[in-house]
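1. sequence-free structure coming up:
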């Protein structure tokens, strides 16, 4: 909007004689510079130069001429509200300070300063003067220190509105610092407080508390205590019978297949597994047997060996064959 106003005011100030006259600094006429500046607002400066077959510097000179004219003839008038912010224009923390007029009926760029320092922002108030600065009613900014200091100096009576994003960031940072400090303090003081309470009331931790009088619990406790007392006797008896069983069986694989031997091993495992509450698998492991063989013997408990093959059976023979 500001550039349009400048262009319109410059166009209105041109006379027929100015259409063929330059400003003394450029080879372009004032009318042509105004024409290029209008197109530079719609296109980039590079595109404007390519479209009209001129150099980029010529487009720059045209825009500079129009902007200079506008600044010389600009009437600031009443400024009720301004906004200040920074923008990065190059790598390496290169910033510009921008000041806008943000009144209800007017929104325009008032000033651009290099860097975001106190001196840079003071340059804006030097341009508008103390009289206009004293009439500013509202100032909007972030929480950058140099901006806050200059605003306190030049617009102390104005309403200062801060960016809520920066307020939230500052608040979160403060909460993080408080939380970290409290965590460190509790980690340091908490141990000593626990140590003090332990030495003052530590005896209570070692006092034997009365057990609740529950019949089921007492019965269970008595049963377990009885088992503990007879544990050594049961284990000694178990080991003695286990050794005897191993000696009786020996290493003969043929004897293991007999009916009496199989049933004795199954009875031994069953009896001692129930008596000691030790799993059947543990006894099978101690007897150097495979699990499948033991369970096969258990399924065949009390049955004689029956082999598949060409072995005659009584029920295969006829009556006359048995008599012969």
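-> Cool, the structure landed. Note that the coordinates shown come from a computational prediction; the quantities given were computed from them, not determined experimentally.
2. which stretches of this structure form helices?
-> In the chain, the segments counted as helices under DSSP state H are 2-13, 30-42, 45-51, 56-72, 118-134, 145-154, 164-201, 203-206, 215-249, 253-256, 259-276, 280-286, 291-299, 319-323.
3. Which neighbouring elements make contact with the longest one?
-> Helices and strands in packing contact with helix 164-201 are not found; criterion 3 or more CB pairs under 8 Å, 6 or more residues apart in numbering; DSSP states H and E. For every residue, glycine as well, the C-beta is placed using N, CA and C.
4. if you compare the helices of the chain, which one is most tucked away?
-> Ranked by mean neighbour count, the helices of the chain are led by helix 30-42 with a mean of 19 (mean count of other CB atoms under 10 Å).
5. So residue 117 sits against residue 145, correct?
-> No: here residue 117 lies out of contact with residue 145, judged by CB atoms under 8 Å, at a distance of 10.1 Å.
6. any chance of the helices of the chain in TSV, plus distance to residue 97 and mean pLDDT?
-> TSV is the format used below for these (distance: least, CB to CB, whole Å; pLDDT from 0 to 100):
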stretch	distance to residue 97	mean pLDDT
helix 2-13	17	50
helix 30-42	23	90
helix 45-51	23	92
helix 56-72	17	87
helix 118-134	5	87
helix 145-154	8	89
helix 164-201	16	78
helix 203-206	67	56
helix 215-249	80	67
helix 253-256	100	47
helix 259-276	89	76
helix 280-286	83	79
helix 291-299	86	84
helix 319-323	125	71
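7. could I get those helices as a markdown table with distance to residue 98?
-> As requested, the helices of the chain are exported to a markdown table (distance: least, CB to CB, whole Å):
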| stretch | distance to residue 98 |
| --- | --- |
| helix 2-13 | 12 |
| helix 30-42 | 18 |
| helix 45-51 | 20 |
| helix 56-72 | 15 |
| helix 118-134 | 10 |
| helix 145-154 | 11 |
| helix 164-201 | 17 |
| helix 203-206 | 68 |
| helix 215-249 | 80 |
| helix 253-256 | 100 |
| helix 259-276 | 90 |
| helix 280-286 | 83 |
| helix 291-299 | 85 |
| helix 319-323 | 123 |
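8. what's the closest of those helices to residue 90?
-> helix 118-134 (15.6 Å; CB to CB).
9. Which neighbouring elements make contact with the closest one?
-> If you count contacts as 3+ CB pairs under 8 Å, 6+ apart, helix 118-134 packs onto strand 94-102, strand 107-114, helix 145-154.
10. Which of the ones you listed sits closest to residue 45?
-> Of the helices and strands packed on helix 118-134, the one closest to residue 45 (CB to CB) turns out to be strand 107-114, at 17.0 Å.
11. what pairs with the closest one, and is each one parallel or antiparallel?
-> strand 94-102 (antiparallel) (DSSP bridges).
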